[in-house]
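In: here you go, sequence then predicted model.
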Number of protein chains: 2
Amino acid sequence: MEQLTIVSEVMAALGRVLPGRRPIALHEPEFGGNEWQYVKNCLDSGWVSSAGDYISRFEHLLQDFTGAPHAVAVVNGTAALHMALLLAGVRPGDEVLTPSLCFVATANAISYCGGIPHFIESDSSTLGAGPAVLGEYLNDIARISGGVCVNHNTGRPLRAMIPMHTFGHPVAIEGFLELCERFRLALVEDAAESLGSYYGERHTGTFGLLGTLSFNGNKIVTTGGGGAILTSDSALAAQARHLTTTAKTNHRWTFSHDQVGYNYRMPNINAALGCAQIEQIAGFLDAKRRLAARYHQAFASVSGATLFSEPPGCRSNYWLNVLLLDHPSETILDALLQTTNEEGVMTRPAWKLMHQLPMYASCPRMPLPVAEGLSARLLNLPSSAVLGRDDGE
Amino acid sequence: MEQLTIVSEVMAALGRVLPGRRPIALHEPEFGGNEWQYVKNCLDSGWVSSAGDYISRFEHLLQDFTGAPHAVAVVNGTAALHMALLLAGVRPGDEVLTPSLCFVATANAISYCGGIPHFIESDSSTLGAGPAVLGEYLNDIARISGGVCVNHNTGRPLRAMIPMHTFGHPVAIEGFLELCERFRLALVEDAAESLGSYYGERHTGTFGLLGTLSFNGNKIVTTGGGGAILTSDSALAAQARHLTTTAKTNHRWTFSHDQVGYNYRMPNINAALGCAQIEQIAGFLDAKRRLAARYHQAFASVSGATLFSEPPGCRSNYWLNVLLLDHPSETILDALLQTTNEEGVMTRPAWKLMHQLPMYASCPRMPLPVAEGLSARLLNLPSSAVLGRDDGE
């Protein structure tokens, strides 16, 4: 009975917010600005590949928008995470603290460095990791030895921490800064989903030693495939440029390389798209916040489920709106997923928790009751910017 | 004196082939087909990212053109090499045979798998590795033990071999097939530079267990950044698709992954460009062969240097034309590089040999006198398709 009630109330609330057309995507991009002009310029110039003006122009637009002193554009968010972790000093055998409730790219990027993900607990007030409970856990398991933080259960270095701004909602980043200082961990900030989200007055992704962005097709701004590394450290930025362009040494014709490098630079044609997209980000953010407000209003009267709100003191891009069941229930969640998707309203659950995936099941982890509870409570709702416009058709 | 003569003769020969405008790039792309239309369609559809029709269309065009039963499009040639090596079974601690005269991406891809490059000698008749001298070397150092080929000097498995079709010229691939069978090595064929090149009647990249292509901006066909994996093995092709799309399991809404995967799929907007490009490949190949013929004619009278010709029985795409000094001379080569580049005719030497780079200096290797000689003899000449047209301006 409860299940039937909740499903029908959710469907009614969605009906009050969403336009009549079906299907409605979870998140689709909009190309209503200079996209075609810039891409056409790019084709006409012949510079479509890993050199060209749009790449540096896009990086400058990212710097201006986020306030990060340096931005380095790369092929995708996974590549940005991989490079950021390498630059943060993650080496084979190191452990890296990362939420279990996270997209798989973060744990994979740790693996690419030869590192071991160490899964940390979520906080239901941000949907990201929680610094207080993590601090208590680290007090138990971490020891500083020779200037390095060591997990005394495994004997391995704890090298870095990657909190994530989940679905665009800012995590309690100041708490993590304090923990990283106390435990001598490098802070890499996974801001893949939070372009346009602020903790206080400051853009997410600019607090850590390095931050990472994604411009995948489902993100608030897209370059087809793309990502970026943010940092205020000019030496790290220079090293990021070097590592992502095969570590080629600077010479007019000699092809020489001074370390194992990567082919991770964003192509110019994708950057051209990005320049046009970021010019429109203020409008995308407005529309997405209007959509979130409409969802809040529509779900206010639904019993048993609540629309997630940006944490206090933060401004979220509401990348993907989150409906939370008041109580964990796989059964109700499955019924909601089934009914919405069958009716052409695309929704999805949280990612399967990282510690439940076969390749990461034996990794070290904290007790994870909140993350496990959230994954049986959480439903992402359609969140395209167009749905927040008055003519959302 | 010899130096002055050779430089002035080379400059005169270049003057007979190249148009008067300066600078002349080493290799620039041409967008004279359906590039605008397809990219615009792609933007209009909203499908710019890692799903969309142009990706499978591009893959089918590659299959039709090369004759490979399966093609999997990825973000670049480096990603294709990385995946091909993983799929060929390269694991941490394995050695992989690869020419020292090669672009760094190949050795790097071996490193990404945790493998160790083992550098092999070049053959001046193909500019690629030579199977005969490699066979003698393997007779000395390799033993089959428990079905696995082992380097008895290092005790490590010799897992795979990556011959490369250097500058587009087909390597003696049948010799490598025989060696791989005899020594139980996986054959991965680096065809990054040889789209449109044939060994006998068969397209390069289709002989090995897996082959790899590149569509970087300087290649015969470009997607901005891009690459592909070729194979005739449908299980490997399926695994390539799975691994390059984060190893996500197939479900309508669940986000689950069954192994460490990669974000390596080519975005749809880049594939749209690729579809338009490959439609024009016959014209690009004709123009490039005409340019090669003109270079041959112009350099016939130059003493001390010879234009490299496709190996007998092969048809080369002449991706980058190669001028070879008859005798190794760093001094003459430097003088040629200096003079041509200062006059706006972009030329370049071979890549610095892999065993001379700091990160690969301690890797195992064969004696490499031919590779070392070639690197003091070799100059790449401007090779854009447009230069082979009658109105090459």
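Out: Perfect, thanks for sending it.
In: hey, let's count contacts and neighbours off CA atoms from now on
Out: Will do.
In: quick check: domain ranges of chain A?
Out: Listed domain ranges for chain A are A:2-31+A:281-388, A:35-278 (source: automatic domain parsing).
In: is any part of the first one close to chain B?
Out: Yes - using CA under 8 Å from any CA of the partner chain, domain A:2-31+A:281-388 comes into contact with chain B via A:28-31, A:337, A:347-352, A:357-359.
In: contacting residues around the residue of the stretch 151-300 of chain A found nearest chain B?
Out: For the stretch 151-300 of chain A and chain B, the shortest gap (CA to the nearest CA) falls at A:Gly224, measuring 4.1 Å. Shown in contact with A:Gly224 (CA atoms under 8 Å, 6 or more residues apart in numbering or on different chains): A:Phe215, A:Asn216, A:Gly217, A:Asn270, A:Leu273, B:Val48, B:Ser49, B:Ser50, B:Pro267, B:Asn268, B:Ile269.
In: do that again at 7 Å, thanks
Out: Neighbour list for A:Gly224: A:Phe215, A:Asn216, A:Gly217, A:Asn270, B:Val48, B:Ser49, B:Pro267, B:Ile269 [criterion: CA atoms under 7 Å, 6 or more residues apart in numbering or on different chains].
In: what's the answer for A:Pro364, then?
Out: A:Pro364 neighbours (CA under 7 Å, 6+ apart): A:His118, A:Phe119.
In: how about A:Pro23?
Out: Taking CA under 7 Å, 6+ apart as the test, what A:Pro23 contacts is A:Gly344, A:Val345.
In: swap in A:His296?
Out: Here A:His296 is in contact with A:Leu307 (CA under 7 Å, 6+ apart).
In: next one: it relative to A:Thr306, how far apart?
Out: 8 Å (CA to CA, to the nearest Å).
In: same question for A:Glu95.
Out: 36 Å.
In: how about A:Val72?
Out: Applying CA to CA, the value for A:Val72 to A:Thr306 is 38 Å.
In: go on, A:Ala292?
Out: With distances taken as CA to CA, A:Ala292 is found 12 Å from A:Thr306.
In: who's more crowded, these two?
Out: Ranked by neighbour count (other CA atoms under 10 Å in any protein chain shown), A:Ala292 and A:Thr306 place A:Ala292 first, with 28 against 18.
In: wait, doesn't A:Cys363 sit right on A:His118?
Out: Yes - contact criterion CA atoms under 7 Å: A:Cys363 and A:His118 qualify, at 6.1 Å.
In: ok, A:Ala84 - contacts?
Out: Neighbouring residues of A:Ala84 by CA under 7 Å, 6+ apart: A:Val188, A:Leu210, A:Ile229.
In: okay, and the beta partners of the last one?
Out: By that I understand A:Ile229. A:Ile229 forms beta bridges with A:Val72, A:Thr212, as assigned by DSSP bridges.
In: what are the phi and psi values at whichever residue of the stretch 1-150 of chain A sits closest to chain B?
Out: In the stretch 1-150 of chain A, the residue that lies nearest chain B is A:Ser49 (4.1 Å; CA to the nearest CA). Dihedral pair for A:Ser49: phi -100, psi -140, per degrees, to the nearest 10.
In: what do you get for A:Val386?
Out: Torsion angles at A:Val386 (phi, psi; degrees, to the nearest 10) stand at phi -60, psi -30.
In: that one: how many residues sit nearby?
Out: A:Val386 - counted by other CA under 10 Å - has 19 other residues nearby.
In: in ChimeraX, how would I select the buried members of the contacts of A:Gly224?
Out: Restricted to buried positions by 16 or more other CA atoms under 10 Å in any protein chain shown, the ChimeraX selection for the contacts of A:Gly224 reads:
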select /A:215,216,217,270 /B:48,49,267,269
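In: tell me the one of the contacts of A:Gly224 nearest B:Ser111?
Out: When those are compared for distance to B:Ser111 (CA to CA), B:Pro267 wins out at 25.4 Å.
In: I'd say that closest one and B:Trp47 touch.
Out: No - judged on CA under 7 Å, B:Pro267 makes no contact with B:Trp47 at a distance of 9.0 Å.
In: before we move on, the earlier item: how near is the residue of the stretch 151-300 of chain A closest to chain B to B:Ser49?
Out: 4 Å.
In: can you give me the buried ones in stretch A:26-46?
Out: For stretch A:26-46, burial by neighbour count (16+ other CA under 10 Å) applies to A:26-31, A:34-36, A:38-43, A:46.
In: so A:Gly208 sits against A:Asp190, correct?
Out: No - assessed by CA under 7 Å, A:Gly208 is found out of contact with A:Asp190, at 9.3 Å.
In: list the beta-bridge partners for A:Leu379.
Out: A:Leu323, A:Pro349.
In: that one against A:Trp351, yeah?
Out: No - in this structure, A:Leu379 is not within contact of A:Trp351 by CA under 7 Å, at 10.3 Å.
In: so which of the two has more stuff around it?
Out: The neighbour comparison of A:Leu379 against A:Trp351 (other CA under 10 Å) goes to A:Leu379, with 24 against 18.
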